[in-house]
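Q: how does the following fold in three dimensions:
(2 chains)
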Protein chains: 2
Amino acid sequence: MKTKPAVTYGGGSIKQSGLYGRVAASLESAGIEVTELSGVKPNPRLSLVREGIGICREKNIELILAVGGGSVIDSAKAIAVGALYSGDVWDFYSGKAVPVEALPVATVLTIPAAGSESSSGSVITNEDGMLKRACGTELMFPVFSICNPELAFTLPASQIANGTADIYAHMHERYFTNEKNVDLTDRLIEAGMRNILKHSPGLLSAGDDYDAWAEVMWTGTIAHNNLLDTGRVGDWASHDIEHELSGMFDIAHGAGLAIIIPAWMKYVMDHDVEKFAQLAERVFFVERDYRNPEITALEGIFRLEQHFRRMGMAVRLSEVNIKRDSFEAMADKATLGDSLTLGNFVKLDKKAIVDIFRLAE
Amino acid sequence: MKTKPAVTYGGGSIKQSGLYGRVAASLESAGIEVTELSGVKPNPRLSLVREGIGICREKNIELILAVGGGSVIDSAKAIAVGALYSGDVWDFYSGKAVPVEALPVATVLTIPAAGSESSSGSVITNEDGMLKRACGTELMFPVFSICNPELAFTLPASQIANGTADIYAHMHERYFTNEKNVDLTDRLIEAGMRNILKHSPGLLSAGDDYDAWAEVMWTGTIAHNNLLDTGRVGDWASHDIEHELSGMFDIAHGAGLAIIIPAWMKYVMDHDVEKFAQLAERVFFVERDYRNPEITALEGIFRLEQHFRRMGMAVRLSEVNIKRDSFEAMADKATLGDSLTLGNFVKLDKKAIVDIFRLAE
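A: Residues are numbered from 1 along each chain as shown, chains lettered A, B, ... in the order given. Here you go, the predicted model:
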């Protein structure tokens, strides 16, 4: 039996690099008819997802092969659940409905970042109101993912920085939990964090370092495949807050995280200063101040900012021209008019989110 | 459809503790007829496996539920591949044949140690010659495993020591590889090693510490479910050498490992002294001697021995009454008369194995 796949991808880069040709030739040599869906953009749009759903139905597509980064894979996942649903796919992202079936999704990963190649989630932006929302279901786990470090050799510096920041963030969100006795998960997360901090900076000057990309690519996969959720509930407020940034201003997700995470850390630090000191000591090799864990914790946050700066990233909103007059509106949207809180480690209302934006100013 | 299971277990401890009754009642309340196979011993025997295979065929068993530790689970796995094979199950352990089908195996884990609840392998002892051999196949991965820390509360000190040594050993064997660029795997292994070293000793005085058992149980599962093999080939010579010890002298597997591993480390250390220094620094917090990595490495080995001693274990063959006059015979058996080598990090012939026994004397 031959599966009838649709191949989704973004812009022209995989055509220029020859990757699309290799994938298509491989499928065609197996006698498989390929349907193409191109044009996925960063912060992937609902309109393209709907277009893909239409194509799947019309052509009786049986598998979606995503060739690209997180946006391409997230679009493929949205199409996969939407194609078998009689209603509108946005229902799954607005929380109105839960997927019960999906087409299988497979991936050829070109950008280590979102971890979507191993995750059960997808994030889509609805242009109607620029709402960026997530949907998670085990139905979205890719059936296979080809993770070849060589495919990342041509990434520009900004994508290296944004991608590795996103990978760090996936571990960071899981690290900050109120569960006190899941030591092994802490240690596994710290291992992944150390690894991404060690192997990212060198890629800016040596983008064809196979071994370093292999480290980053595999860390990206481990970071988001749910292993590091074992025995705990992560926080995820920084991701939710960032979604408003990149939803409204269309900056890259990783770039937004590098700004929001340090500010979030400063805002919530007092809730469990020892956890921040643990991060500082174990991941950033800060020498502990035995009388003042706050000093240890703050030094860790400072070193994380220094890492992002070293990667060429902004760590303040003012550096990316996001002004104070938008804080209120973003916080309002993030909390649906102060009607819900974000985060699990510390629950943040609208005012708290505005305060975090001010710390990030 | 109701699956027809056989429940395998060891001695009377799960009957005394009430666990067997709980499992049986649960199955019976679901209308499932249970077939019992008891009497699994440590270093599980081929004869009992053959008996189990006969029962499975006679009763058309459809699933094997192993309630116990590694020996019970390993026996269940052997029965599972043997029941659907027309030849003798030992063929799979002697290397004469490879399993192509198996009954599903599920487990209720009572002893965190062997990692068999999440592994693709099984080790069985053939009483005819006391040959202890392993078989590995994805067909042996349990379909589910119930890992409840409370079931370990009643374990005696010796089983705590042997089990946690076995868990350490599974990570240790994977740590020592000639692959140089799989940093994340090194770090994940170090995370697991640190965790087992931290949480094991306290169990000797507080055997009902739920959180500590949860750490040990989960580390035992991660240690052996193949995650930590990513991108590398582990060594496994210490396991193979130990199998001769516990095969000939019927000492516990973990007890044998605590003796063999430090001796193996001393013997092979010069092959890659920096890797031993890395272990010493990252896992045993040895302060690095920048001029003499050997001193750093040796201090790490010393601290591992100290850990085993703290767990109440012997670390020399003389302490368990294994005498020099048996070294030659064990090395001969391990290498099938010096016709094969053990290990991948360093390949060991018969003479090398005798030298390791002398270092362990």
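
Q: tell me the SS of residue A:139?
A: helix (DSSP: H, G, I helix; E, B strand; the rest coil).

Q: which stretches in the stretch 101-250 of chain A count as helices?
A: Along the stretch 101-250 of chain A, the stretches classed as helices by DSSP state H, counting those that start in this stretch are A:157-175, A:183-199, A:210-223, A:237-249.

Q: partners of the spatially closest residue to residue A:247 that is not a sequence neighbour in the sheet?
A: Once flanking residues are discounted, residue A:247 sits nearest to residue A:132: 3.8 Å by CB to CB, 6 or more residues apart in numbering or on different chains. For every residue, glycine as well, the C-beta is placed using N, CA and C. Note on residue A:132: beta-bridge partners residue A:125, judged by DSSP bridges.

Q: does residue A:132 touch residue A:43 like I think?
A: Yes. With contacts counted by CB atoms under 8 Å, residue A:132 reaches residue A:43, the gap being 6.6 Å.

Q: near chain B, which residues of chain A are found?
A: A:181-184, A:187-188, A:190-192, A:194-195, A:198-199, A:211, A:214-215, A:218-219, A:222, A:227, A:230-231 (CB under 8 Å from any CB of the partner chain).

Q: do that again at 7 Å, thanks
A: Residues of chain A lying near chain B by CB under 7 Å from any CB of the partner chain: A:181, A:183-184, A:187-188, A:190-192, A:194-195, A:211, A:214-215, A:218-219, A:222, A:230.

Q: and these, which are buried?
A: A:181, A:183-184, A:187-188, A:190-192, A:194-195, A:214-215, A:218-219, A:222 (16 or more other CB atoms under 10 Å in any protein chain shown).

Q: and stretch A:107-122, how far from the chain's centre?
A: Remark: stretch A:107-122 is offset 8 Å from the chain centroid, using CA atoms, centre = their mean, to the nearest Å.

Q: just stretch A:27-40 next, same as before
A: Relative to where its chain is centred, stretch A:27-40 has its mean C-alpha point 26 Å off (CA atoms, centre = their mean).

Q: what pLDDT does residue A:3 get?
A: On pLDDT, residue A:3 comes in at 68.

Q: what do you get for residue A:130?
A: For residue A:130, the model assigns a pLDDT of 82.

Q: do you know how far it is from residue A:209?
A: As judged by CB to CB, to the nearest Å, residue A:130 and residue A:209 stand 37 Å apart.

Q: follow-up on the earlier one: dump the helices of the stretch 101-250 of chain A to TSV, plus mean pLDDT.
A: Formatted as TSV, these follow (pLDDT from 0 to 100):
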stretch	mean pLDDT
helix A:157-175	98
helix A:183-199	98
helix A:210-223	97
helix A:237-249	91
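
Q: reformat these as JSON lines; add distance to residue B:305.
A: Output for the helices of the stretch 101-250 of chain A, formatted as JSON lines (distance: least, CB to CB, whole Å):
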{"stretch": "helix A:157-175", "distance to residue B:305": "33"}
{"stretch": "helix A:183-199", "distance to residue B:305": "23"}
{"stretch": "helix A:210-223", "distance to residue B:305": "32"}
{"stretch": "helix A:237-249", "distance to residue B:305": "44"}
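
Q: looking at those, which is closest to residue B:308?
A: helix A:183-199 (20.8 Å; CB to CB).

Q: check which helices and strands that closest one sits against.
A: When contacts are defined as 3 or more CB pairs under 7 Å, 6 or more residues apart in numbering or on different chains; DSSP states H and E, helix A:183-199 packs onto helix A:157-175, helix A:210-223, helix A:273-284, helix B:183-199, helix B:210-223.

Q: centre of the chain to the first one, how far?
A: The chain centroid and the centroid of helix A:157-175 are separated by 7 Å under CA atoms, centre = their mean.

Q: between helix A:237-249 and that helix, find me the angle.
A: Taking axes from the mean of the first three to the mean of the last three CA atoms, to 10 degrees, one finds helix A:157-175 and helix A:237-249 inclined to each other by 140 degrees.

Q: need the residues that contact helix A:157-175.
A: Helix A:157-175 has contacts (CB atoms under 7 Å, 6 or more residues apart in numbering or on different chains) with A:111-115, A:186, A:189, A:192-193, A:196, A:200, A:203-204, A:216, A:219-220, A:223-224, A:228-229, A:232, A:234-236, A:238-239, A:252-255, A:257-258, A:261, A:279, A:308, A:311-313.

Q: are any of the residues you listed buried, and which?
A: For the contacts of helix A:157-175, buried by 16+ other CB under 10 Å: A:111-115, A:186, A:189, A:192-193, A:196, A:200, A:203, A:216, A:219-220, A:223-224, A:228, A:232, A:234-236, A:238-239, A:252-255, A:257-258, A:261, A:279, A:308, A:311, A:313.

Q: gap between the residue located most distally from the centre of chain A and residue A:282?
A: Relative to the mean C-alpha coordinate of chain A, counting by CA atoms, centre = their mean, the farthest residue is residue A:291 (36.9 Å). Remark: distance between residue A:291 and residue A:282 (CB to CB) = 20 Å.

Q: same check on residue A:329?
A: In terms of CB to CB, residue A:329 sits 38 Å off from residue A:282.

Q: same question for residue A:50.
A: 45 Å.

Q: of the two, which one has the most company?
A: Using other CB atoms under 10 Å in any protein chain shown as the criterion, residue A:50 and residue A:282 rank with residue A:282 on top: 19 against 16.

Q: show me the contacts for residue A:101.
A: A:84, A:139 are the contacts of residue A:101 under CB under 7 Å, 6+ apart.

Q: where's it relative to residue A:287, distance?
A: Distance, residue A:101 to residue A:287, by CB to CB: 54 Å.

Q: closest point of the stretch 251-361 of chain A to chain B, which residue?
A: residue A:282 (9.9 Å; CB to the nearest CB).

Q: same check on the stretch 201-350 of chain A?
A: residue A:211 (3.9 Å).

Q: okay, now the domains of chain A?
A: Structural domains assigned to chain A are A:5-147, A:157-359, following automatic domain parsing.

Q: for stretch A:231-250, buried residues please.
A: Result for stretch A:231-250 [16+ other CB under 10 Å]: buried residues A:232, A:234-249.

Q: ok, stretch A:56-63 next?
A: Here stretch A:56-63 shows A:56, A:61, A:63 as buried, counting by 16+ other CB under 10 Å.

Q: could you check how far it is from the centre of its chain?
A: On the basis of CA atoms, centre = their mean, stretch A:56-63 sits 27 Å off its chain's mean C-alpha point.

Q: give me the residues contacting it.
A: With contacts defined as CB under 7 Å, 6+ apart, stretch A:56-63 is touched by A:3-6, A:35, A:55, A:79, A:83, A:103-104, A:106.

Q: please check these and keep the buried ones.
A: Buried positions within these, assessed by neighbour count (16+ other CB under 10 Å), are A:5-6, A:35, A:55, A:79, A:83, A:103-104, A:106.

Q: between the buried residues of stretch A:56-63, which is nearest chain B?
A: Chain B has its nearest neighbour among these in residue A:63, at 23.2 Å by CB to the nearest CB.

Q: look up the residues forming beta bridges with that closest one.
A: So, taking DSSP bridges as the rule, residue A:63 has residue A:5 as bridge partners.

Q: relative to residue B:271, how far out is it?
A: 47 Å.

Q: for the residue positioned nearest the centre of chain A, grab phi and psi.
A: Among the residues of chain A, the one closest to the centroid is residue A:114, at 3.5 Å (CA atoms, centre = their mean). The phi and psi torsions at residue A:114 (degrees, to the nearest 10) take the values phi -70, psi -20.

Q: what backbone torsions are found at the closest residue to it other than its chain neighbours?
A: With sequence-adjacent residues excluded and distances taken as CB to CB, 6+ apart, residue A:114 is closest to residue A:70, at 2.5 Å. When read as degrees, to the nearest 10, the backbone of residue A:70 gives phi -60, psi -40.
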